[in-house]
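> need the 3D shape of this:
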Amino acid sequence: MRQSYIIEIDGIFVGAAAFYGDGYRFKGVDARLKDLDGQHFARLADVHEAACRTYRRAPFVPRPHAMSLPPPMRRV
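Numbering: from 1, shown residues only. All right, here's what the predicted structure looks like:
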């Protein structure tokens, strides 16, 4: 099994980095980091720096919250 590391930014889980012998590959779980998904980095610190930079620069697009959606249409 490959060694993996959790990547958090401001206490928020945004992805993981897996060690592949010659470096780390990033797997993101946040849409703001999709451009980094699958990229290879030489050092774990490089993964975290790139994730922080990308995450903080990307615009936040909130997902609709279940409580804010209108009620479903009722069939009559």
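> what residues of the strand ranked longest in the chain count as buried?
Longest strand in the chain, counting residues (DSSP state E): strand 12-19. Neighbour-count burial for strand 12-19, counted by 16 or more other CB atoms under 10 Å, picks out 14-17. For every residue, glycine as well, the C-beta is placed using N, CA and C.
> residues in contact with residue 59?
By CB atoms under 8 Å, 6 or more residues apart in numbering, the contact list for residue 59 reads residue 32.
> let me see the ranges of the strands in the protein.
Going by DSSP E, the chain shows strands at 4-9, 12-19, 24-28, 40-41.
> ok, the second one: who's next to it in the sheet?
According to DSSP bridges, the neighbouring strands of strand 12-19, each with its direction, are strand 4-9 (antiparallel), strand 24-28 (antiparallel).
> can you say which of the strands of the chain is nearest to residue 52?
Distance to residue 52, taken as CB to CB, is lowest for strand 4-9 among the strands of the chain, at 5.5 Å.
> what sits up against that closest one?
Looking at strand 4-9 with CB under 8 Å, 6+ apart, the contacting residues turn out to be 13-19, 24, 26, 44, 47-48, 51-52, 55-56.
> what about that strand, distance to the chain center?
Mean C-alpha position of strand 4-9 versus that of the full chain (CA atoms, centre = their mean, to the nearest Å) differs by 9 Å.
> on that earlier part again, may I have the longest strand of the chain as CSV, with CA atoms only?
What follows is strand 12-19, C-alpha atoms only, in CSV (Å, rounded to 0.1, in the frame of the first residue of the first chain):
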residue,chain,number,x,y,z
ILE,A,12,-10.8,21.8,5.8
PHE,A,13,-10.0,18.5,4.1
VAL,A,14,-9.4,19.3,0.5
GLY,A,15,-7.6,16.2,-0.7
ALA,A,16,-4.7,13.7,-0.3
ALA,A,17,-1.2,13.2,-1.5
ALA,A,18,0.1,9.7,-2.2
PHE,A,19,3.8,8.9,-2.4
